[in-house]
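Trainee: Any chance you can model this:
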Amino acid sequence: MRVVLREESVGETAQPSPAAQNSSPVVCCILCFQYAVSLSFGRHSRLKTNFTSKRCSGDDGLRVVCELSGLAPMAAAFSNLAAQPVERLTIRKGRFTSLFGLGLRPLKVTELKIEDTPFKVMEGDFLEGVNNTLTMLTLNGTKLEAFPTKAFELLGETKTLKIEGHAVHSLAASSIPMPALEMLTFADGPLSDLAPDTFALSKKLKHLELQRNALMELKRGVFKGLRDLESLVLSHNNLLKVDSTALADLPKLSTLNLSHNALTELPRGGFARNTLLKHLDMSHNNLKKLDANTFRGLRFLRRLYFSDNMIEEVGRGAFSSLTRIGTIDLARNKLTKVDFQMFAGLRYAEKLDVSENQITEIQKRAFVELYLVVVNISHNVISSIEPGSFENCANMTVLDMSHNLLTTIPKSAFDAVSYAANFFLQYNQITDFSTIPLANMTGLQTLNVSYNALTNIPRNGFPKLFELRSVDLSHNKLTSISNAVFQPLFSLRNLDLSFNSLGKLSSAVFGALPSLLDLDLTHNALTEVGRGAFARLSSIRNIYLGYNKISKIGFQLPPALSVLSMPHNELETLSGHTEGESIWPTMNALLELDFDDNKLGDSLADDSSALANLLTLRSLRLNRNGLTRPPRAALGPLTSLQYVFLEGNNIQSLPKGAFGRLPIVFEIQLANNNMNNISVKAFEGFLQLLKLNLSYNDLTQIPNGAFESLVSLRNLDLSHNRIEKLDNKSHGLLDDCLSLEKINLSHNNIGFVTRPMFPSNPYIPYKLREVDLSHNAIPVLTMDLTWGTKKVQVLDVSHNLINEIRPGVIGNLTSLRHFDVSYNELEELAVTKKEGFPDNLTVLNLQHNQFESLPLQELLSANLSKLDVSNNKLKEFSEELSYMVENGTEVDFYGNPLECNCLLRPVVRWLLGQSEPTPWNTVTCVTPNFLQGRSVSNVPEDKLTCLKPPKQQRLRITPDVAYRSVNKAKDGGIKMIWYVPTRQDIGNFQIIVRDKDTQDDIFEKEVPYTMRSDTIPPLPSGGNLQVCVLAKDSEGQLRLWRDSQCRSLKSLTSSAESLGKLHFALFMATLTATWIF
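Mentor: All right, here's what the predicted structure looks like:
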């Protein structure tokens, strides 16, 4: 189970949620505990608990989160958890600087986590009570000034201790007295000194993490006694050296991380006693050399990281003793060569990385006897590779030589059995493709030679490579390709020849490539493609020919082709050589054609053969082709067409039946066409059209009947035109759009919303859900807006000239969820108490208007999740708005001339309970002058004043302590019961009895923060005495107190007298009721 504890101003009694009432018996049993956890803090405050089922089996216990609370409120809550085991207790963003006292004593906690809480001290008694059950303790984001040795002495069962974020400078000998500890993290602080025998009392330690500190050296004996330690992390420190004996006490060490330090050398034999070491990370140091003695004896080492150092030399045989090595990372050093047998005999190697060095050459036998290894030599300055550099390197997974200065690679660089599955040569200076040694690379799958200086692919450039699937030759200077050069590549699937200088493709250039799926020839200079260039590509799916200079499609299309993309060419026609001849084969599988940005003009308007035979075509793109008429004739045969794109042309007029009958077209795009005329029944035949875009045109009016056949239309975009109205006196343009759900009329010249504008008929179930009327010239919203909009959920009338909304308009938009009336000239919102806001309204945007007041009661009654009233003329944040904030409504109020007074106190208290930033961080005070410019979230309650003291309790300053009762005890003493209504840093309490006349203290007593009641002994009679319960913070300093924290003792009655008066009142009430009946 997970329990979230937060102090909030809520009702008196906790009620289980409906989901809880219907949950399983196990969950219901736990939920019965809710009433016990709902600890009352006062008449109108309690500790709110929310339960959600996480696991209903087992006995791990509850998961409790306590946020934004001081010690005193937490202690009261924890006292009610005593009967239940707690699997995990998280204290987040606590409001205290010192941890002390017995607040945790009632709990049975397994894991304790304190995070984002800048406490400085943990005293010895704080963990008392949980020491027998606590197995894991995490302290994140603290400001601990000293290691809490005394507090941790109690933790005999704790196995994991994590402290990330502290202010401790040194750890003394035997400072961690935790005999069961197995994992210790002490990171992110200024720790610079570890004394010998620091960890002597934690002999079971297996994992030690000391990263992100300020350690400069490791003293002899610092790890003495840690014979079971397996993992040691010392990264991100300032270590200059490691003593040769510092690691000698760790015989079982398997992982050592010394990265991100300032080490300049490794001690000779420094790892001699660490024979089980498997993972060594020395990256990001200042090491300059590696030799054979560095790794002597580390025969089990698997991962070796020396990247980001200053290594200039690797001694011969440095890695020869690492018989089981899997990874050697030497990236970003200062190596100038891969030396003779540097990587020889590493049979278990998986990755060898020498990238981003200054390597100029690879010497003979540099890589010997490697198998299934990733070799990364990229980002160097290699200009030569010696013969025999790779010997017996079978099936290298990746060989990356990219980003170098290679012009040639000798054929003898690889012996007969050496090859790579993925060979990367991009970003080099290779000019001759034949110099790439492919002859023996029988297992090659990917070849990337992009970004080189190749000018041609010669005949026999590719040997028979049966597994090669992808070839990338893009970004070269290719001007020609020999015929059938790719034909030996029987498994080729992807061929990229983009960004070259090819001007012509012969009919035999590709030959038969039965497995090729994708061919990219974009960004070349192609003017001619041979008729049979693609004819034998029997499996081709996608051909990309965009950004060339092709003026006519004269090539034969393979039957399997699905996508032909030819944007940005010079096509002027799609016709065949003779009139009426189709360039499209009878048998084809084309689904998409892209002819954007060509010069087709009106060649398609009267040519019915232009797109003939394309019976499966679904998408046709003809954007920016200079069309002045709809291509009706060309579209006629396309019985499967679904998407038509005609944007950016010059189709100024749409006649009746402009596109013919296209029964299954779903979307047509006609934006940016300078269109100024649409005839009646212009879209006749579009029975399945779902989306129509006519935006960015020059339309001023559209006649009724233009959309007559669009019975399936759901989305209509008419934005960015010059439309003034959508109806005549009796009928509307949209009456025929039975399925319309969304219409965009923004950026037009609409002056008034009339009744026929939106379709309305009691016998037709119109579906309009979303209307955008923004950026028009509407001055007033009348009841006409409510016609046809009963189902509208989103209405945007922002950026108009609206200065009035007539009464009843908003209330009659009964389905409205999102209403945006921002950027207008409204001074008031006419919503009557009777109608109110629509029940479904959740978002109301009123920003950038002229409001000086709001219909507060109606807003309070609405179910808003967001209210934006920013940038208006509201001076006061009313009490109703503060109720909305407390109930979860996001209220944006910035940009108003806000007067910060006592009405803001509930909001300030609410802000104290928010763990995440809110929009209130940008709301600033304008008046009074002494608060001008200050963020409301940073103004304390006592600075928010009113001319008259507020009568409402919620507007008064919250005291640290509030009384439940103050009575005389039987023995004449005084019994007090109190609670803590605030979230501030409250520690112990101070009880003071003083004489108001003389200001002398008669009695003084400190009460621990776990208590909420106390009885003081009888006091001398006479005098004007008063008793005060004051609060201290967690550092023991008295906090500012209020008059309400003190009570006069003159009028006190005993508890017996109070009970007698109560009994007498009940008796009189019963007697009166009996007499009446």
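Trainee: Give me the phi and psi angles of the spatially most central residue of the chain.
Mentor: With distances taken as CA atoms, centre = their mean, Glu916 lies nearest the centre of the chain, 14.5 Å away. Here is the backbone geometry of Glu916 (degrees, to the nearest 10): phi -110, psi 160.
Trainee: do you know how far it is from Glu67?
Mentor: Using CB to CB, to the nearest Å, one gets 10 Å for the distance from Glu916 to Glu67. Bear in mind the C-beta positions are built from the backbone N, C-alpha and C, glycine included.
Trainee: Which residue ranges of the stretch 651-800 of the chain form strands?
Mentor: Here the stretch 651-800 of the chain has its strands, by DSSP state E, counting those that start in this stretch, at 653-654, 667-669, 677-678, 691-693, 715-717, 742-744, 770-772, 780-781, 794-796.
Trainee: Give me the distance between the two termini of stretch 812-831.
Mentor: Its start and end residues considered, stretch 812-831 measures 10 Å (CA to CA, to the nearest Å).
Trainee: ditto for stretch 1016-1026
Mentor: 12 Å.
Trainee: Show me which positions of it end up buried.
Mentor: Neighbour counts over stretch 1016-1026 (16 or more other CB atoms under 10 Å) mark Ile1016, Leu1019, Gly1023, Leu1025, Gln1026 as buried.
Trainee: got it, and stretch 650-668?
Mentor: Asn650, Ile651, Ser653, Leu654, Gly657, Ala658, Phe659, Gly660, Leu662, Val665, Phe666, Ile668.
Trainee: Quick one: mean pLDDT for that stretch?
Mentor: Mean pLDDT, stretch 650-668: 94.
Trainee: I figured Val797 hits Val821, correct?
Mentor: Yes. Val797 lies in contact with Val821 (CB atoms under 8 Å); the separation is 5.4 Å.
Trainee: And the buried residues of stretch 1016-1026, which is closest to Leu502?
Mentor: The closest of the buried residues of stretch 1016-1026 to Leu502 turns out to be Gln1026 (CB to CB; 97.8 Å).
Trainee: Mind listing the residues bridging to that closest one?
Mentor: With DSSP bridges as the criterion, Gln1026 is bridged to Arg994, Ser1048.
Trainee: Tell me both backbone torsions, phi and psi, for Glu941.
Mentor: According to degrees, to the nearest 10, Glu941 has phi -60, psi -40.
Trainee: I'd like to know how many residues surround it.
Mentor: 18 (other CB atoms under 10 Å).
Trainee: about what we covered before: a markdown table please, covering the buried residues of stretch 1016-1026 and showing pLDDT and distance to Pro807.
Mentor: Formatted as a markdown table, those follow (pLDDT from 0 to 100; distance: CB to CB, whole Å):
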| residue | pLDDT | distance to Pro807 |
| --- | --- | --- |
| Ile1016 | 90 | 63 |
| Leu1019 | 83 | 66 |
| Gly1023 | 76 | 65 |
| Leu1025 | 88 | 61 |
| Gln1026 | 89 | 56 |
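Trainee: Enumerate every residue touching Gly657.
Mentor: Neighbouring residues of Gly657 by CB atoms under 8 Å, 6 or more residues apart in numbering: Arg632, Lys681, Ala682, Glu684, Gly685.
Trainee: Apart from its chain neighbours, what residue comes closest to the fourth one?
Mentor: By that I understand Glu684. Of all residues not flanking Glu684 in the chain, Gly657 sits nearest, at 4.5 Å (CB to CB, 6 or more residues apart in numbering).
Trainee: Would you map the helices across the stretch 801-950 of the chain?
Mentor: 856-861, 879-886, 905-912 (DSSP state H, counting those that start in this stretch).
Trainee: buried stuff in the following helix or strand past the last one?
Mentor: Past helix 905-912, heading to the C-terminal end, the next element that is a helix or strand (DSSP states H and E) is strand 962-968. For strand 962-968, the buried set under the neighbour-count rule, 16+ other CB under 10 Å, comprises Ala962, Tyr963, Val966, Asn967, Lys968.
Trainee: How about stretch 872-886?
Mentor: Asn872, Leu874, Glu876, Phe877, Glu879, Glu880, Leu881, Ser882, Met884, Val885, Glu886.
Trainee: which residue sits closest to the last one in space, ignoring its chain neighbours?
Mentor: Spatially, and ignoring its direct neighbours in sequence, Glu886 is nearest to Trp910 (5.4 Å; CB to CB, 6+ apart).
Trainee: Could you report the neighbour count for the one you found?
Mentor: As a measure of burial, Trp910 has 17 neighbours, counting by other CB under 10 Å.
Trainee: Spit out the contact partners of it.
Mentor: Going by CB under 8 Å, 6+ apart, Trp910 touches Ser882, Val885, Glu886.
Trainee: And it, how far from Glu209?
Mentor: Plainly put, Trp910 is 39 Å away from Glu209 if you go by CB to CB.
Trainee: Leu947 now?
Mentor: Computed as CB to CB, the Leu947 to Glu209 distance reads 59 Å.
Trainee: do you know which of the helices of the stretch 801-950 of the chain lies nearest Glu265?
Mentor: When these are compared by CB to CB, helix 905-912 sits nearest Glu265, at 54.1 Å.
Trainee: got the angle for that closest one vs helix 879-886?
Mentor: 10 degrees (axes from the mean of the first three to the mean of the last three CA atoms, to 10 degrees).
Trainee: any idea which element the nearest residue to Glu570 once chain neighbours are set aside lies in?
Mentor: Closest residue in space to Glu570, ignoring its immediate chain neighbours: Ser551 at 4.5 Å, by CB to CB, 6+ apart. Assigned by DSSP H and E, Ser551 falls within no helix or strand.
Trainee: residues contacting Ser551?
Mentor: The contact partners of Ser551, by CB under 8 Å, 6+ apart, come to Thr527, Asn569, Glu570, Leu571, Glu572.
Trainee: Could you rerun that using 10 Å?
Mentor: Neighbouring residues of Ser551 by CB atoms under 10 Å, 6 or more residues apart in numbering: Thr527, Glu528, Asn569, Glu570, Leu571, Glu572, Thr573, Asn598, Lys599.
Trainee: of those residues, buried ones?
Mentor: Among the contacts of Ser551, those scoring as buried are Thr527, Glu528, Asn569, Leu571, Thr573, Asn598 (criterion: 16+ other CB under 10 Å).
Trainee: now the strands for the stretch 501-650 of the chain?
Mentor: 504-505, 518-520, 528-529, 542-544, 563-565, 592-594, 619-621, 643-645.
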